[in-house]
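Enquirer: Dropping a prediction and its sequence here:
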Amino acid sequence: MSCLFPSGKTENLIRERGPLTVAAFMEFALYDPDAGYYARAAQRSGRAGDFFTSVDVGSLFGELLEIQLAEMAGVLEATAAEATMPPVSARQPSSFDLVEAGAGNGRLSADVLRALQRRDPRLYDRTHLHLVEAGAAAREAQRATLGEVADRLTSSGPELPSSFEGTLVANELIDAFPVHQVVMRAEGLREVYVDVSDDRLVARDGPLSTPALRDYLDRLGVTLEPGWRVEINLRAIDWIRDVARRLRRGFVVLIDYGHEARELYSATHASGTLTTFAQHTMAGPEAGRQTPPWLLKPGDQDITAHVDFTTLRTAAEEAGFSTLGFLDQTYFLLALAGAGGVEQCDTLKKRLALKTLLMPGGLGSTHKVLILGKGVGAPALQGCSYRVRVT
């Protein structure tokens, strides 16, 4: 499997370091400060970009999400008051940290804050926004995107805040983490590497770069058949553990596409899930394809892989989180619409936006919502009140 180089930088990197794991290749192709896909533009989604997200549908997604975030802020305030029980007159409302990880230019947070400003000025005034984004170009565009709500921006950078109390939101972040790819051969489990041959990028099997890959599958009890290739997202485990260390108390809302492990590591996805997007054209794995799409045009197209929600949830719970909900985006947004968001759908444009967000087979069912809590008990959240179901 091979492809011609679009430039010499990838080739030079491989000649200097040797064959790259798929994870290392994705790290370069997506996040290299000079050549990386996400580093070279402030925004990659939307009509003029390469793919659509829920944020591109319009402001409605953020307006509905704000309903859930406001409820979470109320839970935090109530549980803090119960723990300290000072006289009512002496209580001071605590600040609420809103952290968006993988924030891009800040469009989702801008929609959330504008809705919050209209509906709950008191909470708006005590909200501190932290935007976490690896791409410098996107970070530079954040203040302009936030506009009149930029007064709530407390920090912007590539790393999570060192300590915070509130809610972290990550919309389509984990699917863009670099992943390892492994393949089962007759002689056993092998890892896929990117190498150079005759000035071409090629994908080759090699020994596992770390025993953590085999351990990952063993923990799940997964048995791969010969020829099956799958992706393993070790970064997601490290990331959720890091979130747990930094979040003192609060919630995490993860919205992404993926599956439980029993489906992800099955015959249904035996060719893997590495998928590319360029100019609204998707190219996924196909059996027998000589050149995998993700090997083409490094730095000029998006590369993603489906999320293993089973392992992500297990890692989160081992790090101290409780799982409060896991459901399709359709049911999450329907519940929020029923809690007051319907009034936001007072125009044809908004009604069409809601239909797009809920559509089965589209954003509604392909995207899952995982809600985690730490130090907040087991509240019955509005976003989980319609139907907790994963399709």
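Expert: Alright, I've got the coordinates.
Enquirer: What is the longest strand anywhere in the chain packed up against?
Expert: Criterion DSSP state E: the longest strand present in the chain is strand 247-259. When contacts are defined as 3 or more Cβ pairs under 8 Å, 6 or more residues apart in numbering; DSSP states H and E, strand 247-259 sits against helix 60-84, strand 164-171, strand 307-308, helix 309-318, strand 367-374. Every residue, glycine included, has its C-beta placed from N, CA and C.
Enquirer: Measure how far the helix or strand following the second one is from the centre of its chain, please.
Expert: If I follow you right, that is strand 164-171. The helix or strand immediately downstream of strand 164-171 is strand 180-185, counting by DSSP states H and E. For strand 180-185, the separation from the chain centroid amounts to 23 Å (computed by Cα atoms, centre = their mean, to the nearest Å).
Enquirer: Equivalent analysis for stretch 208-225, please.
Expert: 23 Å.
Enquirer: Now do that stretch, average pLDDT.
Expert: Averaged over stretch 208-225, pLDDT sits at 97.
Enquirer: Now do R219 against A73, distance only.
Expert: Distance of R219 to A73, computed by Cβ to Cβ, to the nearest Å: 35 Å.
Enquirer: Looking at the helices and strands packed on strand 247-259, which is nearest to V22?
Expert: strand 307-308 (15.4 Å; Cβ to Cβ).
Enquirer: Direction included, what does that closest one pair up with?
Expert: strand 247-259 (parallel) (DSSP bridges).
Enquirer: by how many degrees do the partner strand and helix 60-84 diverge?
Expert: Counting by axes from the mean of the first three to the mean of the last three Cα atoms, to 10 degrees, strand 247-259 points 140 degrees away from the direction of helix 60-84.
Enquirer: For strand 247-259, C-alpha coordinates in CSV please.
Expert: Taking C-alpha atoms only, strand 247-259 is exported to CSV below (Å, rounded to 0.1, in the frame of the first residue of the first chain):
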residue,chain,number,x,y,z
LEU,A,247,-11.4,18.6,37.5
ARG,A,248,-12.0,19.2,41.3
ARG,A,249,-15.8,18.7,41.0
GLY,A,250,-18.3,18.8,38.2
PHE,A,251,-19.3,17.2,34.9
VAL,A,252,-17.9,16.1,31.6
VAL,A,253,-20.0,16.0,28.4
LEU,A,254,-18.4,14.1,25.5
ILE,A,255,-20.1,14.1,22.1
ASP,A,256,-18.6,12.0,19.4
TYR,A,257,-19.2,9.2,17.0
GLY,A,258,-18.3,5.6,17.9
HIS,A,259,-19.6,2.4,19.4
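Enquirer: Any buried residues in it, and which?
Expert: L247, G250, F251, V252, V253, L254, I255, D256, Y257, G258, H259 (16 or more other Cβ atoms under 10 Å).
Enquirer: When R219 and A73 are compared, which one has more neighbours?
Expert: A73 (26 against 12; other Cβ atoms under 10 Å).
Enquirer: Low-confidence regions, the stretch 251-391 of the chain specifically.
Expert: Applying pLDDT under 70 to the stretch 251-391 of the chain flags the ranges 279-280, 286-290, 339-349, 360-364.
Enquirer: so where do the helices sit in it?
Expert: 261-264, 309-318, 329-338, 348-358, 363-366 (DSSP state H, counting those that start in this stretch).
Enquirer: Please tell me I have it right and S95 contacts H130.
Expert: No: using Cβ atoms under 8 Å, S95 is not in contact with H130, being 11.4 Å away.
Enquirer: more neighbours, these two?
Expert: Taking neighbours as other Cβ under 10 Å, S95 and H130 compare with H130 leading, 22 against 14.
Enquirer: Looks to me like the more buried one is in a strand.
Expert: Yes: judged by DSSP: H, G, I helix; E, B strand; the rest coil, H130 forms part of a strand.
Enquirer: please renumber so the chain begins at 47
Expert: Taking 47 as the first residue, the last one we looked at is H176.
Enquirer: hang on, the earlier thing: dump the helices and strands packed on strand 293-305 into TSV; add distance to W274 as well.
Expert: Below are these laid out as TSV (distance: least, Cβ to Cβ, whole Å):
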stretch	distance to W274
helix 106-130	35
strand 210-217	29
strand 353-354	15
helix 355-364	17
strand 413-420	23
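Enquirer: okay, those, which one's buried deepest?
Expert: strand 353-354 (a mean of 28; mean count of other Cβ atoms under 10 Å).
Enquirer: what's that strand in contact with?
Expert: 220-221, 278-279, 282, 302-307, 310-311, 414 (Cβ atoms under 8 Å, 6 or more residues apart in numbering).
Enquirer: likewise stretch 425-437?
Expert: 113-114, 117-118, 121, 306, 370-374, 377-378, 380-382, 384-385, 406, 411, 414-415, 417, 419.
Enquirer: at 6 Å what do you get?
Expert: 114, 117, 121, 371, 373-374, 377-378, 380-382, 385, 411 (Cβ atoms under 6 Å, 6 or more residues apart in numbering).
Enquirer: Would you work out how far apart the start and end of that stretch are?
Expert: Stretch 425-437 has its terminal residues 24 Å apart, counting by Cα to Cα, to the nearest Å.
Enquirer: that older thread, just say which of the helices of the stretch 297-437 of the chain is most tucked in.
Expert: Buried most deeply of these, by mean count of other Cβ under 10 Å, is helix 375-384, with a mean of 23.
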